[in-house]
Every structure is written in structure tokens, then in C-alpha cells.
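Visitor: return atomic coordinates for the entry below.
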Amino acid sequence: MPITSPKRGARGTAAVVTPLPLPNNQRKIYNKPSARVDPTRIPEDIYREISLHLSDADSLRFAMASKTVYRAVGPRPRNVMAKSSSQVVALAKFIAEHGSALISLDIHIPTDDSILDAMCDILAQATSSLHHLVVSTTTLQHLASQGRLQSLGFSGLTGLTLYDTSEEILRGMHLPASLRTLRLVRCSSSMTWNELAGSVQGPSALDDLCMEDCDFEEPEDVSGGEATHGDTFAFQSLTILRAISTVLPESLLLFSKMFPRISTLVMTYSLFPFEDEGLISRNSHSFQTLALSELDERLEIPWPVYNLRVLAMREKDLQCALDSVSTDDLTGLFIRARRMVPSIWTSNIVNDVTAIRWLEFESIEKDFTTTITLFTRLFEEQSSDVSECMPLMMLSIAAPRRRNDHSFSATFLINAAAALPNLRYIALADPKEVPTALMEDLSGDHAPWRWWRVIRGERTELKEIPGWEGERVRRFFREASREKVDAFDENFHALR
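Guide: Okay, the predicted model is just below:
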């Protein structure tokens, strides 16, 4: 992403852009040869721990390094996705002969009686080592019929995906306390919300629940009337809730009792509870992050939302998302759209969310050069009256690299600093592609980010900073309250 010189007459040309210093490749460093370490004197537990952080291919190469390493880790599969019955049978045979080192297992395939025993044998052998499991209820029901389900334990399981499950299976599995992520797919039985919560009370570490294409029943009292929600089970440790094509409880009172600590809510083609709104104070709950995609125009969030993430695949999606929340509460806004159009800036941002402190925009279809050129023009044309009203402190833009020339003019940086008088940081990236999944994050090492700090004085300097420092800035803005963001210099320390 090379930078070209600014055009003459560019807004704020008194500013100067300072790139990161190039590494000094000419400097020679002389090191003493390091002493060789005898691999036989290294404990085998260290080799096993190293292998846990490697892919199966890298683990195989690691095992072939020496006889000692081979004996410790061995070329055994650890992350397996079985896509056919023959693969399930082959895996069961391999594990029976060599033992299991499985960490991640996905055996959600159409099942028949001929492979159910093989699936159950795999689970029985892998129960102690598995960290992530994707499985269908049919397999678990077969285990239950043999009296083997409760004995599995899954003591180290941290992630579990269940298809077409039931309350009986959830209770019978005795979910371990180590479970952190639970994903339920096509769970449309007669289970009520209260029964769902009651069946997963075991995992004390559970903090992420994803429900995809699920439909749970509203509880009713014994007289057949509306439920009082007095004996409602709660997901006490849950902080992230993902609802994908899932009908959440219609009662806001029930929702607040079941999910008392939710800070991140992800909704795709789902509606938020709307009944009993008058019974709950607006300030009794809030969301640190709300992520919306495939929006329903009827969506309305009655509680404060501080950070809003929007997948705007249609022109109206962004406006619908902003209409669903109180924009006065917003501290940050993340937009992933098909392309950047002027109205996103001139209408949605300048008029609707004037109080935000940080903005991240990612274009899915329009290339990096086109996107940056449009932003440059918008900043140049923006009036000073509008600029003075915008407290934006961090601006991040990403767009795909589609052309051979993916450079941009330093005019963009200069215009951005001039149009946004409170701007402190700018981040730019041109990855090969921008994902369409809203929660697939490009921050960190997932894109070639370049960062600049805006230093204001007699003249404005845009000083390029290392990526690691910039990503700490991003993390601070995403997690901090508005009060902490406004006191940025007192609260942010890059080296902490």
C-alpha cells in the first residue's frame, strides 16, 4: 500500500506525513553460535504442548524431526471433519489401533445404523482429549440407548455444536464446567426457554451461546395463563448471545431474567423482545456491542447500545440499524457494506451519529483505491461547521485489493485530519478480500493494516506507527466507555 505525494491545493496541506523508518538492513550483527540441545533431554510433555498449537500438517513435519519427537507426539490426526460414512469407519479403525489424539471432531453427517456404532466408538475413545465437537443428536441418542452417554464426561470440552437436539440429550450429556461455547442448530422441539436454560446449568464457564434456526416455546403457568417468570433459570455466566433465524423470547422481562449479563448480542434475521417493555427500566440493561445483519425493519432495541456493528448488504440496512437504537448512546460504529456511497457519510454519519468517537468502515465489493478516493473527496468538500461538530477520534477503513495499482495519495490522510479536528488515529488496509460474515474480524493480523497517529500543533503531523500499537488503540476504543475514550491520554498506554 504505497503512498503518493499529495496534490497541490489539497485541504490542510500544512500537514506532513511521516512514514515508519525503514529497517537498517546494512547493519551487521554478529552472534556467537548457539549451543546445540540434545532432543532426548527435553521432556516429552514439552513436545506435546508444542504440537497442540500446530496444524495437522505442521504436526506431522514436527514429528518427523527426530525419533524422540516422533515417539512423543506421533503423526496422529488431531483435527478431523468426517464427510462420509467410509471416513467415519476408517477413523474408528485407526483410533482403535493407535489411540486418539483428537482435539477437534466434526462428525455431523447423515447417519445410518451401519456407522452409528463406529461413531460411538470414536466418541468413547476421544472423550478425554476433545476440545471441540460437532455432532448430531442421532449419534448421542444411540449412545444414550446403550447407556454410554453419561459416562463419556467430555472433561476438557470447550466448544460444542449440536444439531436437532432435545432437552433429554442436553441433560444426559452432563455438560462439563469447562464448556465456553455452545451452538445449537435446528433446535425446534417442544422445549421451552426455561427448560433450555435449566438443561445447561452445569457449564460454569459458558460465555457464548449461538442459536441457529431454533424455535423455543414461551413458558406458561399451571393455570394456562401467561407465565410470571418467577422460577426462571438464568444463564448467569453468558456474555455473548448469537441469534440466527431464531425467535427470541417475546417477553422483555423473561429475556432480562434469562440473560442478565449479556454484553454482546448478535442478531441475524431475528427480532428483539417487545412485550413487557413498560415493566423494565431503560437503564436496567445495556449492550456493549450489538451486531445486526439481514435486518427486520420492525427491530427496536429499548436498551442503550454503545457499539453498533452493521452488515449493510442493502441500501436501507444501515438506516434501519440506526433507527433501531438510540444513536445518542453510541460510542462507536462498525459498517461492512457492499460499497461506500456518499450518503453513508453525508446522511447516516454526519446527521445521525454525530456523537460517535470511532468509526470502522469496510467495503466488500468496491476496491481500495476507489473507496479511498471517495473518502478523500468527501473530506475535501465537507464544510467547517460540520467538521467542528464531529468528535470522531479513530477512523479505520478497509477495502479489497482489486487492481494492480492499490496505492493512495497522502491527500487522503491530510484531508481526513483537516475535516475531523478531533481525529487521533487512522488505520488503512487493502486485504485480498473482505468477508461477508459480520463477525469475521479483519483486525489484528487478519489484514495488512497501516496506522497513523495525528499529532496536532503549529502544524499537523501524521506519523506512521507500528501495527501492534495501532491494534492496541483499536482494542481500547472498542472496549472502553465514552468517558474513558474522552479521557484518552489518561487511560490509554500502548506499552501496557
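Visitor: ok but residue 453 is inside a helix, no?
Guide: No: judged by DSSP: H, G, I helix; E, B strand; the rest coil, residue 453 forms no part of a helix; its state is strand.
Visitor: that one touches residue 488, doesn't it?
Guide: No: taking contacts as CB atoms under 8 Å, residue 453 lies outside contact range of residue 488: 11.6 Å. Every residue, glycine included, has its C-beta placed from N, CA and C.
Visitor: overlap in contacts, these two.
Guide: Common neighbours of residue 453 and residue 488, counting by CB atoms under 8 Å, 6 or more residues apart in numbering, are residue 424.
Visitor: where does pLDDT dip in the stretch 251-400 of the chain?
Guide: For the stretch 251-400 of the chain, applying pLDDT under 70 flags the ranges 276-279.
Visitor: quick one, helices of it?
Guide: With DSSP state H, counting those that start in this stretch as the criterion, the stretch 251-400 of the chain has helices at 252-258, 317-323, 342-343, 368-381, 384-388.
Visitor: can you list contacts of the third one?
Guide: For helix 342-343, the external contacting residues (CB under 8 Å, 6+ apart) are 374, 378.
Visitor: and it, how far from the chain's centre?
Guide: 28 Å (CA atoms, centre = their mean, to the nearest Å).
Visitor: which residues touch the nearest residue to residue 255 once chain neighbours are set aside?
Guide: Excluding the flanking residues, the one nearest residue 255 by CB to CB, 6 or more residues apart in numbering is residue 273, at 4.5 Å. If you count contacts by CB under 8 Å, 6+ apart, residue 273 has them with 248, 249, 250, 251, 252, 254, 255.
Visitor: check residue 139 too.
Guide: 107, 111, 116, 119, 120, 123.
Visitor: for it, give its distance to residue 106.
Guide: 12 Å (CB to CB, to the nearest Å).
Visitor: and what of residue 142?
Guide: Distance of residue 142 to residue 106, given as CB to CB: 18 Å.
Visitor: same check on residue 56?
Guide: Counting by CB to CB, the gap from residue 56 to residue 106 is 14 Å.
Visitor: among the contacts of residue 139, which are in helices?
Guide: Counted as lying in helices by DSSP state H, out of the contacts of residue 139, are 116, 119, 120, 123.
Visitor: pLDDT wise, what is the residue most central in space within the chain at?
Guide: Residue closest to the average C-alpha location in the chain (CA atoms, centre = their mean): residue 439, at 4.3 Å. Residue-level confidence at residue 439 comes out at 87, pLDDT.
Visitor: then residue 456?
Guide: In this prediction residue 456 is given a pLDDT of 91.
Visitor: the one 5 residues further on too?
Guide: As predicted, residue 461 sits at a pLDDT of 93.
Visitor: for it, give me its contacts.
Guide: 15, 16, 17, 18, 454, 455.
Visitor: which of those residues sits closest to residue 181?
Guide: Comparing these against residue 181 with CB to CB places residue 454 closest, at 38.4 Å.
Visitor: any idea what the closest one is bridged to?
Guide: With DSSP bridges as the criterion, residue 454 is bridged to residue 462.
Visitor: I'd guessed it sits against residue 417; true?
Guide: Yes: counting by CB under 8 Å, residue 454 touches residue 417, with 5.1 Å between them.
Visitor: between the two, which contacts overlap?
Guide: Residues touching both residue 454 and residue 417 by CB under 8 Å, 6+ apart: 423, 426, 460, 462.
Visitor: ranges for the strands of the stretch 351-496 of the chain?
Guide: 358-363, 394-398, 408-409, 425-429, 450-455, 461-465 (DSSP state E, counting those that start in this stretch).
Visitor: dump those strands to a markdown table, plus distance to residue 218.
Guide: Shown next, in a markdown table, are the strands of the stretch 351-496 of the chain (distance: least, CB to CB, whole Å):
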| stretch | distance to residue 218 |
| --- | --- |
| strand 358-363 | 37 |
| strand 394-398 | 41 |
| strand 408-409 | 53 |
| strand 425-429 | 45 |
| strand 450-455 | 49 |
| strand 461-465 | 52 |
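Visitor: out of these, which gets nearest to residue 311?
Guide: Comparison of the strands of the stretch 351-496 of the chain against residue 311 by CB to CB identifies strand 358-363 as nearest, at 9.8 Å.
Visitor: list the strands paired with the closest one, with their directions.
Guide: strand 332-337 (parallel), strand 394-398 (parallel).
Visitor: mind checking how far residue 255 is from residue 267?
Guide: 12 Å.
Visitor: hang on, the earlier thing: distance to residue 171 for the helices of the stretch 251-400 of the chain - can I get that in CSV?
Guide: What follows is those, written out as CSV (distance: least, CB to CB, whole Å):
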stretch, distance to residue 171
helix 252-258, 18
helix 317-323, 38
helix 342-343, 52
helix 368-381, 51
helix 384-388, 58
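Visitor: nearest to residue 152, of these?
Guide: Distance to residue 152, taken as CB to CB, is lowest for helix 252-258 among these, at 27.7 Å.
Visitor: how close does the nearest residue to residue 337 once chain neighbours are set aside get to residue 15?
Guide: Nearest non-adjacent residue to residue 337, counting by CB to CB, 6+ apart: residue 312, 4.1 Å away. Residue 312 sits 31 Å away from residue 15 when distances are taken as CB to CB.
Visitor: let me know which of the strands of the stretch 351-496 of the chain is the nearest to residue 369.
Guide: strand 408-409 (6.4 Å).
Visitor: tell me the mean pLDDT for that closest one?
Guide: Mean predicted lDDT for strand 408-409 stands at 71.
Visitor: burial measure for residue 285, as a count.
Guide: The local packing of residue 285 (other CB atoms under 10 Å) involves 18 other residues.
Visitor: picking that back up, by neighbour count, which of the contacts of residue 273 wins?
Guide: residue 249 (26 neighbours).
Visitor: how far is the host helix or strand of residue 135 from where the chain is centred?
Guide: Assigned by DSSP states H and E, residue 135 belongs to strand 132-136. For strand 132-136, the distance from its own C-alpha centre to the chain's C-alpha centre is 20 Å (CA atoms, centre = their mean).
Visitor: pretty sure residue 359 sits against residue 392.
Guide: Yes: between residue 359 and residue 392 there is a contact at 6.0 Å, judged by CB under 8 Å.
Visitor: quick one: residues in contact with stretch 159-169.
Guide: Contacts for stretch 159-169 (CB under 8 Å, 6+ apart): 106, 108, 131-138, 140-141, 144, 149, 154, 170, 175, 179-187, 189, 191, 195-196, 199.
Visitor: quick one, what contacts residue 484?
Guide: The neighbours of residue 484, taking CB under 8 Å, 6+ apart as the test, are residue 491.
Visitor: doesn't residue 412 make contact with residue 15?
Guide: No: counting by CB under 8 Å, residue 15 does not reach residue 412; the two are 11.4 Å apart.
Visitor: thinking again about what came up before, make JSON lines from the contacts of residue 461 and add distance to residue 321 and neighbour count to it.
Guide: Below are the contacts of residue 461 laid out as JSON lines (distance: CB to CB, whole Å; neighbours: other CB atoms under 10 Å):
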{"residue": "15", "distance to residue 321": "34", "neighbour count": "22"}
{"residue": "16", "distance to residue 321": "38", "neighbour count": "15"}
{"residue": "17", "distance to residue 321": "34", "neighbour count": "19"}
{"residue": "18", "distance to residue 321": "37", "neighbour count": "13"}
{"residue": "454", "distance to residue 321": "28", "neighbour count": "22"}
{"residue": "455", "distance to residue 321": "34", "neighbour count": "15"}
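Visitor: can you lay out those as JSON lines showing distance to residue 467?
Guide: Converted to JSON lines, those look like this (distance: CB to CB, whole Å):
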{"residue": "15", "distance to residue 467": "22"}
{"residue": "16", "distance to residue 467": "21"}
{"residue": "17", "distance to residue 467": "17"}
{"residue": "18", "distance to residue 467": "16"}
{"residue": "454", "distance to residue 467": "17"}
{"residue": "455", "distance to residue 467": "18"}
